[in-house]
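J.: Sequence unavailable; structure follows:
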């Protein structure tokens, strides 16, 4: 028996020498690297297509490279309006979502009642399972001209009010859609805050709101920054909410990409808009990270105390 | 291209051998020896809802009964399937569908890229209305199958005095926020051009009247959507007026919504949809896909299909559905077409990008 | 200023802390039951007990995190049950220290001064002085994670003391330290506490810590006070069997009371010391406590110990644990019905030869056998 094991061990050593072991960690990274590689390839393909102009007589992209798509984009007022609307929308959605998600996460983590924690978790995850599009249509039913809210208001002798197909309704839908993401990103950061630290602040003379501002909030910063990044980029690049809740006149950048690719069959312009969106999102995320400090994501590995 | 050559010659040989069978359509179940092998199924791209039900009941059921070939549907949006089809044909892969039910504008784009099989040898092309033949091509890279009109649909409760007379009713402040257009402006340009004081013949050279009218419309806060949205919006009471294909208005009416439609004095745009077969299918599937298209052009198939849609087919021998008799939105005769506004598909295709950009510029600001 | 913020009249004669009939139940199970005691100004009281004894609950009620179910707490003579923690003049050092990781050492110490509205110009001086007291002068700019465990302890202590609170609470802050550092910090904290004269309540399960640091020890078990005494008295004169067993290494022997302050132990008559209560009537069964270090041990056949031993018995060594400054033996004694006695010997060099199985002589003085009526 021992000899068999020895043999197997020597076989293993030959097939998978000790020196190869340091590549084991790299091997686990391989699938992720492949995935990123495919993404990079796709981006490269789009970058290439973005440099080719559509010929509307043949519906072929040009053979030679040109910056015409980008020039058109820079001179296109609509593109600037849509970009401005997307960035402003993403910023507002991020601010509102974080403001709502933080207390939610805090109560969910800190509450002594298992019942309340379960309730909060379930109400967080339930919409997750429903999906973005169905939820958006749900809002149409609730907030429409003959929807639930207007019926209730009508019973009180008010309205009907126009609550959907506006910029506000798009942002509302986005906030509701982003809330679970934000809570799930913030909750671990709150969990990582030792409750004793908050109690300590109280004994040291701070009322709850000063404890919140001076201790809880700064310590939850990694979670807040992560949530802000995710919510901002998801909102900036969202497609479905503007389509469903925007009534067609509140497009975001992703809608421009779709239109170019699928409505005007112009993969060159579509790629140019997509590349510009990636660039804008990367730039804004970079600015956000620089401003808040890269270490705020917790990568620096600061000690717990 | 070598591949194409062998493919093409093999196909031709098969077609010649099958010639006799082709003429004998509709089909004898005996299955002549010369008939190419039948595939188990053919995939047809369709629009969902009313549209799918119509082609299924009118065309596919009869075809399956006659040939035993099952029909499956791909409900990918036409605009989204297009780049996939193009990529497949370009890379000589088997295309995802055998028959594409498409807007004539999109089918024209594909035809310009030489994506489709020539349908010139279909036996049922003879005797169709002239509108069946695609303009600007020597052969038949596609065949138009029916016409449709972009009518002015309205909620009858909002118009107790009868149908509105002019497209200008869309500018009435009373209907602010309660009007709807397609989100690419399609179907509205000619009407806007005339309603704005211009001439349809000036498209595409001088469209100032059209764009000015649409700019005024923007202040009315229109909703912009796609086919299913219009039915939905009428049902939910979100809108009073819409420029939409008559089929959607008829669909809402059938569902009990109090909706009617009219062709205002300026006229309304008429357009067509088409069937075409992408290149790159195995020769036997090309053969049977052509039989499907050919069958779709028979009076029997057109009757069932177009009844479902409420649209005038290109086969002159079909009877209009009872509720569409005498409706100006159901054109069959040349004088009917004269009242409507038509823009050649080639001009649409060439200017689509620019028009789309201008429409978006107005609507997104 | 709101009325609640105004300084309340202080009863100078009152004890700094008074706990009067305080109780608290969780889910119907009493965690703290009818506890009363007082702590005079400047004194150091340790609440000693095993886990589950209610000591932490009691401390958290004093801090204000938990409201008492019954009874009342007074700090400086002022009832505080309805006063939130941030308005009680309390400094607390937590089990896990609870320092603010996003602040420097100096900012941690400055925090309570800022929260309590000290003048901004006054704060740096106070912080620096406090850091000097805890021997962290010059380290104020360090981040918390840049400090060693001992230095972090000192920051936590400085933060709790800097605003001169009426009362400091220690929630086992030293428990996580290694033994050497823990013993060093025990003496260090005692030095600081005496230097500043601040009233302190400490909670621990570590009897050694309680004896070393405190002016008074409050022993708790199952939510009730077992004994409140000086460390010396708690050790020498335990109030009951629980205290006798919890503090020190103790043997318990069953005996029967006789006339004249004597007892019968395993069939033989012997004397005994003074217990917390007079001996009951002859014939009553007793528990007698005998501390391990009060039992003498010598190899069989050696000359008698100089100390006069009232009881001497033969035994066999079962286990030997050499601990450097002392050796712990477990000795089986046939005359005590094969009971196993634990014996601590503080001069191990004389008995280096003892191994399990060795036959020994053990004995004790009558006054070290403490009787507790059942």
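T.: Thanks, I have the structure now. The structure displayed is predicted, hence computed values, not measured ones. Residues are numbered from 1 along each chain as shown, chains lettered A, B, ... in the order given.

J.: rest of the way, CA atoms for contacts and neighbours
T.: Noted.

J.: Give the burial count for the residue in the stretch 201-350 of chain C positioned nearest to chain B, as a bare number.
T.: The minimum distance from the stretch 201-350 of chain C to chain B, using C-alpha to the nearest C-alpha, falls at residue C:223 (67.0 Å). Residue C:223 sits with 23 neighbouring residues when counted by other C-alpha atoms under 10 Å in any protein chain shown.

J.: residues contacting it?
T.: C:30, C:31, C:32, C:33, C:35, C:52, C:53, C:54, C:55 (C-alpha atoms under 8 Å, 6 or more residues apart in numbering or on different chains).

J.: where do the strands sit along chain A?
T.: A:54-55, A:60-61 (DSSP state E).

J.: could you dump those to CSV with mean neighbour count, mean pLDDT and distance to chain C?
T.: What follows is these, written out as CSV (neighbours: other C-alpha atoms under 10 Å in any protein chain shown; pLDDT from 0 to 100; distance: least, C-alpha to the nearest C-alpha, whole Å):
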stretch, mean neighbour count, mean pLDDT, distance to chain C
strand A:54-55, 18, 87, 55
strand A:60-61, 18, 86, 55
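
J.: Using a markdown table, please lay out those together with distance to residue A:168.
T.: Formatted as a markdown table, these follow (distance: least, C-alpha to C-alpha, whole Å):
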| stretch | distance to residue A:168 |
| --- | --- |
| strand A:54-55 | 35 |
| strand A:60-61 | 38 |
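
J.: Let's see which of the contacts of residue C:223 end up in strands.
T.: Filtering the contacts of residue C:223 for strands - DSSP E - leaves C:30, C:31, C:32, C:33, C:35.

J.: out of those residues, who has the most neighbours?
T.: Ranked by neighbour count under the definition other C-alpha under 10 Å, these are headed by residue C:32 with 28 neighbours.

J.: Residue of the stretch 101-250 of chain B nearest chain A, please.
T.: Closest point on the stretch 101-250 of chain B to chain A, by C-alpha to the nearest C-alpha, is residue B:224, at 4.3 Å.

J.: Is that residue in a helix, a strand, or coil?
T.: Secondary structure, DSSP: H, G, I helix; E, B strand; the rest coil: residue B:224 is strand.

J.: For it, grab the count of nearby residues.
T.: 23.

J.: so who does it touch?
T.: Here residue B:224 is in contact with A:247, A:248, A:249, B:180, B:181, B:182, B:183 (C-alpha under 8 Å, 6+ apart).

J.: close to chain A, is the strand or helix carrying residue C:169?
T.: Per DSSP states H and E: residue C:169 is located in strand C:167-171. No: Strand C:167-171 stays out of contact with chain A when judged by C-alpha under 8 Å from any C-alpha of the partner chain, the minimum separation being 10.1 Å.

J.: any idea how far that strand is from the chain center?
T.: 14 Å (C-alpha atoms, centre = their mean, to the nearest Å).

J.: Chain B contacts on the stretch 1-150 of chain A?
T.: A:56, A:57, A:58, A:59, A:60, A:77, A:78, A:81, A:82, A:144, A:145, A:146.

J.: Looking at these, which one is closest to chain C?
T.: residue A:82 (40.0 Å).

J.: that older thread, pull the most distant pair out of the contacts of residue C:223.
T.: For the contacts of residue C:223, the maximum inter-member distance is 15.1 Å, found between C:35 and C:52 (C-alpha to C-alpha).
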